[in-house]
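Trainee: Give me the fold of what follows.
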Amino acid sequence: MGIFDFFGRKKTETLHQGLEKTREGFLGKLKRGLLGKSQVDEEVLDALEETLISSDVGVATTTKIIVSIEQRVAQNKYLNSSELQDILKEEIARFMRDNDALKPGMGISDNQRPHVIMVVGVNGVGKTTTIGKLAWQFKQQGKNVLLGAADTFRAAAVEQLKIWGQRTQVEVIDKGMNADPASVAFDTLNAALARNSDVVIIDTAGRLHNKKNLMNELGKVKAVMSKVIPDAPHEVLLVLDGSTGQNAFFQAKEFAEVTQITALAITKLDGTAKGGVVIGISDQLNIPVKFIGVGEGMEDLQLFDKSTFVEALFHEKAST
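Mentor: Residues are numbered from 1 along each chain as shown. As a prediction, this is how the structure comes out:
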(Lines give C-alpha, C1' and ligand atoms only; values in the text may rest on other atoms or scores of the structure.)
Protein backbone atom coordinates (compact mmCIF):
# COMPACT_ATOMS: atom_id res chain seq x y z
CA MET A 1 0.00 0.00 0.00
CA GLY A 2 1.23 3.52 -0.73
CA ILE A 3 2.80 5.77 1.88
CA PHE A 4 -0.09 8.25 1.71
CA ASP A 5 -3.33 6.40 2.41
CA PHE A 6 -6.75 7.89 3.03
CA PHE A 7 -8.74 4.94 4.20
CA GLY A 8 -6.40 1.96 4.59
CA ARG A 9 -8.03 -1.32 3.74
CA LYS A 10 -11.13 0.33 2.26
CA LYS A 11 -8.92 2.08 -0.30
CA THR A 12 -7.33 -1.21 -1.38
CA GLU A 13 -10.73 -2.91 -1.62
CA THR A 14 -12.03 -0.03 -3.74
CA LEU A 15 -9.04 -0.36 -6.06
CA HIS A 16 -9.63 -4.11 -6.42
CA GLN A 17 -13.30 -3.50 -7.20
CA GLY A 18 -12.50 -0.68 -9.62
CA LEU A 19 -10.14 -2.86 -11.63
CA GLU A 20 -12.42 -5.89 -11.56
CA LYS A 21 -13.38 -5.89 -15.26
CA THR A 22 -9.81 -5.27 -16.40
CA ARG A 23 -8.53 -7.97 -14.05
CA GLU A 24 -11.17 -10.52 -15.08
CA GLY A 25 -10.38 -10.06 -18.76
CA PHE A 26 -6.64 -9.99 -18.22
CA LEU A 27 -6.31 -12.97 -15.88
CA GLY A 28 -8.93 -14.98 -17.77
CA LYS A 29 -7.04 -14.65 -21.05
CA LEU A 30 -3.72 -15.31 -19.32
CA LYS A 31 -5.00 -18.51 -17.74
CA ARG A 32 -6.41 -19.73 -21.03
CA GLY A 33 -3.05 -19.10 -22.68
CA LEU A 34 -1.29 -21.15 -19.99
CA LEU A 35 -3.80 -23.98 -19.93
CA GLY A 36 -2.01 -27.31 -20.13
CA LYS A 37 1.43 -25.69 -20.35
CA SER A 38 4.24 -26.73 -18.00
CA GLN A 39 6.75 -24.19 -19.28
CA VAL A 40 6.90 -20.87 -21.07
CA ASP A 41 7.30 -21.38 -24.80
CA GLU A 42 6.61 -19.39 -27.97
CA GLU A 43 2.92 -20.28 -27.86
CA VAL A 44 2.61 -18.99 -24.29
CA LEU A 45 4.40 -15.75 -25.20
CA ASP A 46 2.12 -15.26 -28.20
CA ALA A 47 -0.90 -15.69 -25.92
CA LEU A 48 0.58 -13.25 -23.42
CA GLU A 49 1.20 -10.70 -26.17
CA GLU A 50 -2.40 -10.97 -27.31
CA THR A 51 -3.60 -10.62 -23.70
CA LEU A 52 -1.62 -7.43 -23.10
CA ILE A 53 -2.68 -5.80 -26.36
CA SER A 54 -6.36 -6.67 -25.86
CA SER A 55 -6.14 -5.13 -22.37
CA ASP A 56 -5.14 -1.81 -24.02
CA VAL A 57 -1.55 -1.87 -22.82
CA GLY A 58 -0.59 -0.83 -26.34
CA VAL A 59 1.60 -2.46 -28.99
CA ALA A 60 4.85 -0.61 -28.20
CA THR A 61 4.79 -1.29 -24.45
CA THR A 62 3.57 -4.86 -24.99
CA THR A 63 6.52 -5.50 -27.31
CA LYS A 64 8.96 -4.21 -24.69
CA ILE A 65 7.45 -6.45 -22.00
CA ILE A 66 7.49 -9.53 -24.24
CA VAL A 67 11.10 -8.95 -25.35
CA SER A 68 12.19 -8.58 -21.73
CA ILE A 69 10.41 -11.79 -20.71
CA GLU A 70 11.93 -13.63 -23.69
CA GLN A 71 15.37 -12.55 -22.50
CA ARG A 72 14.64 -13.82 -19.00
CA VAL A 73 13.37 -17.14 -20.35
CA ALA A 74 16.54 -17.55 -22.44
CA GLN A 75 18.75 -16.60 -19.52
CA ASN A 76 17.09 -19.05 -17.14
CA LYS A 77 17.01 -21.78 -19.81
CA TYR A 78 13.87 -23.18 -18.21
CA LEU A 79 10.96 -21.20 -16.85
CA ASN A 80 7.70 -22.84 -15.87
CA SER A 81 4.38 -21.17 -16.43
CA SER A 82 3.69 -20.81 -12.70
CA GLU A 83 6.65 -18.40 -12.47
CA LEU A 84 5.42 -16.32 -15.38
CA GLN A 85 2.90 -14.33 -13.34
CA ASP A 86 5.52 -13.09 -10.86
CA ILE A 87 7.88 -12.14 -13.68
CA LEU A 88 5.07 -10.40 -15.57
CA LYS A 89 4.21 -8.35 -12.46
CA GLU A 90 7.85 -7.27 -12.17
CA GLU A 91 8.07 -6.30 -15.83
CA ILE A 92 4.81 -4.34 -15.84
CA ALA A 93 5.92 -2.36 -12.79
CA ARG A 94 9.34 -1.75 -14.34
CA PHE A 95 7.85 0.00 -17.35
CA MET A 96 5.72 2.43 -15.34
CA ARG A 97 7.01 5.70 -13.87
CA ASP A 98 7.21 6.14 -10.11
CA ASN A 99 4.79 8.61 -8.59
CA ASP A 100 6.66 11.28 -6.63
CA ALA A 101 3.38 12.28 -4.96
CA LEU A 102 3.50 9.18 -2.73
CA LYS A 103 4.61 11.34 0.16
CA PRO A 104 2.72 13.04 2.99
CA GLY A 105 0.63 15.85 1.55
CA MET A 106 0.46 14.34 -1.95
CA GLY A 107 3.90 15.71 -2.71
CA ILE A 108 2.98 19.32 -1.92
CA SER A 109 5.86 21.03 -0.12
CA ASP A 110 5.09 23.34 2.79
CA ASN A 111 7.93 25.53 1.50
CA GLN A 112 6.10 26.14 -1.79
CA ARG A 113 2.95 28.10 -1.11
CA PRO A 114 0.73 28.44 -2.93
CA HIS A 115 1.28 25.30 -4.99
CA VAL A 116 -0.35 25.96 -8.37
CA ILE A 117 -1.83 23.12 -10.44
CA MET A 118 -3.09 23.78 -13.98
CA VAL A 119 -5.53 21.08 -15.10
CA VAL A 120 -6.07 20.26 -18.78
CA GLY A 121 -8.14 17.68 -20.64
CA VAL A 122 -10.86 17.40 -23.27
CA ASN A 123 -14.56 17.66 -22.49
CA GLY A 124 -16.14 14.61 -20.92
CA VAL A 125 -13.06 13.02 -19.35
CA GLY A 126 -14.06 13.99 -15.81
CA LYS A 127 -11.82 17.05 -15.53
CA THR A 128 -14.12 19.16 -13.37
CA THR A 129 -15.02 16.18 -11.17
CA THR A 130 -11.33 15.41 -10.72
CA ILE A 131 -10.67 19.01 -9.65
CA GLY A 132 -13.52 18.84 -7.14
CA LYS A 133 -12.26 15.58 -5.64
CA LEU A 134 -8.70 16.94 -5.48
CA ALA A 135 -9.95 20.04 -3.67
CA TRP A 136 -11.79 17.86 -1.15
CA GLN A 137 -8.77 15.63 -0.57
CA PHE A 138 -6.44 18.58 -0.04
CA LYS A 139 -8.95 20.00 2.43
CA GLN A 140 -8.87 16.72 4.37
CA GLN A 141 -5.18 17.43 4.90
CA GLY A 142 -5.96 20.84 6.34
CA LYS A 143 -4.89 22.73 3.21
CA ASN A 144 -6.37 26.09 2.26
CA VAL A 145 -7.55 25.50 -1.33
CA LEU A 146 -8.65 27.94 -4.04
CA LEU A 147 -10.13 27.08 -7.45
CA GLY A 148 -9.98 29.11 -10.66
CA ALA A 149 -12.71 28.66 -13.30
CA ALA A 150 -10.67 29.35 -16.45
CA ASP A 151 -12.56 26.88 -18.68
CA THR A 152 -14.74 29.74 -19.86
CA PHE A 153 -15.69 28.53 -23.34
CA ARG A 154 -17.55 25.31 -22.48
CA ALA A 155 -21.22 25.58 -21.65
CA ALA A 156 -21.84 25.15 -17.92
CA ALA A 157 -18.12 24.51 -17.13
CA VAL A 158 -17.95 27.49 -14.78
CA GLU A 159 -21.21 26.54 -13.07
CA GLN A 160 -20.07 22.93 -12.64
CA LEU A 161 -16.90 24.05 -10.92
CA LYS A 162 -18.88 26.42 -8.67
CA ILE A 163 -21.15 23.50 -7.68
CA TRP A 164 -18.08 21.48 -6.74
CA GLY A 165 -16.83 24.48 -4.78
CA GLN A 166 -20.08 24.51 -2.80
CA ARG A 167 -19.93 20.75 -2.20
CA THR A 168 -16.36 20.90 -0.94
CA GLN A 169 -16.67 24.33 0.72
CA VAL A 170 -13.81 25.65 -1.40
CA GLU A 171 -13.88 29.17 -2.86
CA VAL A 172 -14.02 29.48 -6.66
CA ILE A 173 -12.74 32.54 -8.52
CA ASP A 174 -14.75 33.07 -11.72
CA LYS A 175 -15.59 35.81 -14.19
CA GLY A 176 -18.38 33.96 -15.95
CA MET A 177 -18.59 32.24 -19.33
CA ASN A 178 -16.61 33.68 -22.28
CA ALA A 179 -14.26 35.58 -19.96
CA ASP A 180 -10.57 35.64 -20.84
CA PRO A 181 -9.04 32.48 -19.27
CA ALA A 182 -5.72 34.21 -18.61
CA SER A 183 -7.55 36.99 -16.76
CA VAL A 184 -9.27 34.40 -14.55
CA ALA A 185 -5.92 32.74 -13.80
CA PHE A 186 -4.37 36.13 -12.99
CA ASP A 187 -7.16 37.02 -10.57
CA THR A 188 -7.10 33.56 -8.97
CA LEU A 189 -3.38 33.66 -8.20
CA ASN A 190 -3.60 37.17 -6.81
CA ALA A 191 -6.50 36.06 -4.62
CA ALA A 192 -4.46 33.05 -3.50
CA LEU A 193 -1.64 35.30 -2.36
CA ALA A 194 -4.07 37.57 -0.53
CA ARG A 195 -5.79 34.62 1.16
CA ASN A 196 -2.53 32.80 1.99
CA SER A 197 -3.74 29.71 0.09
CA ASP A 198 -1.78 26.46 0.18
CA VAL A 199 -3.05 24.98 -3.10
CA VAL A 200 -4.51 26.61 -6.22
CA ILE A 201 -6.16 24.52 -8.94
CA ILE A 202 -6.85 26.20 -12.28
CA ASP A 203 -9.38 24.62 -14.64
CA THR A 204 -8.69 25.24 -18.35
CA ALA A 205 -10.39 24.57 -21.67
CA GLY A 206 -9.40 21.38 -23.46
CA ARG A 207 -10.31 21.83 -27.09
CA LEU A 208 -8.12 19.76 -29.40
CA HIS A 209 -9.83 20.54 -32.70
CA ASN A 210 -7.46 23.45 -33.21
CA LYS A 211 -4.08 22.70 -31.64
CA LYS A 212 -2.62 26.08 -32.49
CA ASN A 213 -5.37 27.96 -30.65
CA LEU A 214 -5.10 25.60 -27.67
CA MET A 215 -1.33 26.03 -27.57
CA ASN A 216 -1.66 29.82 -27.68
CA GLU A 217 -4.35 29.84 -25.02
CA LEU A 218 -2.49 27.56 -22.59
CA GLY A 219 0.72 29.46 -23.24
CA LYS A 220 -1.00 32.75 -22.43
CA VAL A 221 -2.50 31.34 -19.20
CA LYS A 222 0.90 30.01 -18.08
CA ALA A 223 2.64 33.29 -18.93
CA VAL A 224 0.14 35.30 -16.89
CA MET A 225 0.51 32.92 -13.93
CA SER A 226 4.27 33.32 -13.93
CA LYS A 227 3.88 37.10 -13.68
CA VAL A 228 2.07 36.65 -10.38
CA ILE A 229 4.06 33.68 -9.04
CA PRO A 230 7.36 33.30 -10.96
CA ASP A 231 7.52 29.49 -11.07
CA ALA A 232 3.77 28.87 -11.57
CA PRO A 233 2.24 26.59 -12.58
CA HIS A 234 4.14 24.03 -10.54
CA GLU A 235 2.19 21.18 -12.10
CA VAL A 236 0.30 20.64 -15.35
CA LEU A 237 -2.09 17.76 -14.73
CA LEU A 238 -3.68 16.08 -17.77
CA VAL A 239 -6.98 14.28 -17.07
CA LEU A 240 -7.76 11.27 -19.30
CA ASP A 241 -10.76 8.95 -19.50
CA GLY A 242 -9.38 5.42 -18.98
CA SER A 243 -12.54 3.81 -20.36
CA THR A 244 -11.61 5.05 -23.85
CA GLY A 245 -8.50 2.85 -23.94
CA GLN A 246 -6.08 3.76 -26.68
CA ASN A 247 -8.02 6.94 -27.47
CA ALA A 248 -6.82 8.22 -24.09
CA PHE A 249 -3.25 7.48 -25.15
CA PHE A 250 -3.67 9.45 -28.40
CA GLN A 251 -5.19 12.38 -26.49
CA ALA A 252 -2.22 12.35 -24.12
CA LYS A 253 0.20 12.44 -27.06
CA GLU A 254 -1.63 15.40 -28.61
CA PHE A 255 -1.68 17.37 -25.37
CA ALA A 256 2.00 16.62 -24.80
CA GLU A 257 2.66 18.28 -28.17
CA VAL A 258 1.02 21.56 -27.16
CA THR A 259 2.06 21.92 -23.53
CA GLN A 260 4.45 20.41 -21.01
CA ILE A 261 2.51 17.79 -19.05
CA THR A 262 4.02 16.92 -15.68
CA ALA A 263 1.51 14.34 -14.40
CA LEU A 264 -1.57 12.34 -15.41
CA ALA A 265 -4.91 11.60 -13.78
CA ILE A 266 -6.68 8.64 -15.39
CA THR A 267 -10.37 8.50 -14.53
CA LYS A 268 -13.30 6.08 -14.98
CA LEU A 269 -11.27 2.89 -14.58
CA ASP A 270 -14.15 1.32 -12.68
CA GLY A 271 -16.51 -0.51 -14.99
CA THR A 272 -14.08 -0.81 -17.91
CA ALA A 273 -11.89 -3.66 -19.14
CA LYS A 274 -9.37 -1.16 -20.58
CA GLY A 275 -7.37 -0.43 -17.44
CA GLY A 276 -4.19 -1.69 -19.08
CA VAL A 277 -3.95 1.70 -20.78
CA VAL A 278 -2.45 3.04 -17.53
CA ILE A 279 0.65 0.91 -18.18
CA GLY A 280 1.15 1.98 -21.79
CA ILE A 281 0.56 5.69 -21.21
CA SER A 282 3.01 5.82 -18.31
CA ASP A 283 5.66 3.97 -20.32
CA GLN A 284 5.29 5.58 -23.74
CA LEU A 285 4.95 9.19 -22.62
CA ASN A 286 7.41 8.89 -19.74
CA ILE A 287 5.00 10.94 -17.62
CA PRO A 288 4.03 9.72 -14.16
CA VAL A 289 0.44 8.74 -13.45
CA LYS A 290 -0.41 10.69 -10.29
CA PHE A 291 -4.07 9.80 -9.74
CA ILE A 292 -6.51 7.14 -10.87
CA GLY A 293 -10.28 7.24 -10.58
CA VAL A 294 -11.88 3.96 -9.48
CA GLY A 295 -15.32 5.06 -8.30
CA GLU A 296 -17.78 7.89 -7.73
CA GLY A 297 -16.86 8.71 -4.13
CA MET A 298 -14.64 11.63 -3.14
CA GLU A 299 -12.00 9.23 -1.87
CA ASP A 300 -12.14 7.10 -5.03
CA LEU A 301 -9.72 9.39 -6.81
CA GLN A 302 -6.63 7.62 -5.50
CA LEU A 303 -2.96 8.41 -5.52
CA PHE A 304 -1.37 6.04 -8.01
CA ASP A 305 1.07 3.51 -6.58
CA LYS A 306 2.37 1.26 -9.35
CA SER A 307 3.12 -1.63 -6.97
CA THR A 308 -0.39 -1.51 -5.50
CA PHE A 309 -1.88 -1.17 -8.99
CA VAL A 310 -0.04 -4.26 -10.25
CA GLU A 311 -1.04 -6.28 -7.18
CA ALA A 312 -4.68 -5.25 -7.72
CA LEU A 313 -4.44 -6.20 -11.40
CA PHE A 314 -3.40 -9.73 -10.43
CA HIS A 315 -5.53 -10.01 -7.30
CA GLU A 316 -7.71 -13.12 -7.18
CA LYS A 317 -10.68 -13.39 -4.86
CA ALA A 318 -10.32 -15.93 -2.09
CA SER A 319 -12.49 -18.98 -2.68
CA THR A 320 -15.41 -19.39 -0.30
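Trainee: okay, CA-based contacts and neighbour counts for the rest of this
Mentor: Noted.
Trainee: Residue 58 reaches residue 52, doesn't it?
Mentor: Yes. Applying C-alpha atoms under 8 Å as the test, residue 58 and residue 52 come out as touching, 7.4 Å apart.
Trainee: and the nearest residue to residue 177 once chain neighbours are set aside, what does it touch?
Mentor: The spatially closest residue to residue 177, leaving aside those adjacent along the chain, is residue 152, at 4.6 Å (C-alpha to C-alpha, 6 or more residues apart in numbering). The contact partners of residue 152, by C-alpha atoms under 8 Å, 6 or more residues apart in numbering, come to 158, 176-181, 204-205.
Trainee: from the residues you listed, which ones fall inside strands?
Mentor: Among the contacts of residue 152, DSSP state E puts residue 204 in strands.
Trainee: Between the contacts of residue 152, which has the least confident prediction?
Mentor: The lowest pLDDT within these belongs to residue 205, with 82.
Trainee: Now do the same contact list for the nearest residue to it once chain neighbours are set aside.
Mentor: Closest residue to residue 205 apart from its sequence neighbours, by C-alpha to C-alpha, 6+ apart: residue 151 at 4.4 Å. Residues in contact with residue 151 (C-alpha under 8 Å, 6+ apart) are 157-158, 181, 203-206.
Trainee: Kindly supply the ChimeraX command isolating those of those that are buried.
Mentor: Buried residues among the contacts of residue 151 (16 or more other C-alpha atoms under 10 Å), as a ChimeraX selection:
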select :157,158,181,203,204,205,206
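Trainee: which intervals of the stretch 101-250 of the chain have sub-threshold pLDDT?
Mentor: The model of the stretch 101-250 of the chain has pLDDT under 70 over residues 102-105, 107, 110, 207-211.
Trainee: if we go to 90?
Mentor: Within the stretch 101-250 of the chain, the ranges that satisfy pLDDT under 90 run 101-113, 122-124, 141, 153-156, 177-178, 205-219, 246, 249-250.
Trainee: Helix, strand or coil: sort out the residue nearest to residue 177 for me.
Mentor: coil (DSSP: H, G, I helix; E, B strand; the rest coil).
Trainee: by contact count, what packs against the strand or helix carrying residue 21?
Mentor: Using DSSP states H and E, residue 21 sits in helix 20-34. Helix 20-34 is packed against helix 42-54, helix 306-313, with contacts defined by 3 or more C-alpha pairs under 8 Å, 6 or more residues apart in numbering; DSSP states H and E.
Trainee: Could you tell me the angle between the last one and helix 20-34?
Mentor: What that stands for is helix 306-313. 70 degrees (axes from the mean of the first three to the mean of the last three C-alpha atoms, to 10 degrees).
Trainee: List the buried residues in helix 306-313.
Mentor: 306-307, 309-310, 312-313.
Trainee: Could you tell me the model confidence score at the residue nearest to residue 309 when sequence neighbours are not counted?
Mentor: The shortest distance from residue 309 to any non-neighbouring residue, by C-alpha to C-alpha, 6+ apart, is to residue 15 (7.8 Å). pLDDT, residue 15: 87.
Trainee: was I right about residue 15 contacting residue 294?
Mentor: Yes. Proximity of residue 15 to residue 294 meets the contact threshold set by C-alpha under 8 Å, at 6.2 Å.
Trainee: ok, which stretches of this structure are strands?
Mentor: Taking DSSP E as the criterion, the chain carries its strands at 115-120, 145-150, 171-173, 199-204, 235-241, 263-267, 289-293, 301-303.
Trainee: any idea of the mean pLDDT for stretch 31-41?
Mentor: For stretch 31-41, mean pLDDT is 77.
Trainee: One more: stretch 262-277?
Mentor: For stretch 262-277, the per-residue pLDDT averages 90.
Trainee: thinking again about what came up before, would you reformat the helices and strands packed on helix 20-34 as JSON lines and include distance to residue 74?
Mentor: Supplementary listing: the helices and strands packed on helix 20-34 in JSON lines, determined by distance: least, C-alpha to C-alpha, whole Å:
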{"stretch": "helix 42-54", "distance to residue 74": "12"}
{"stretch": "helix 306-313", "distance to residue 74": "24"}
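Trainee: which one of the ones you listed lies closest to residue 137?
Mentor: Closest approach to residue 137 among the helices and strands packed on helix 20-34 is made by helix 306-313 (19.7 Å; C-alpha to C-alpha).
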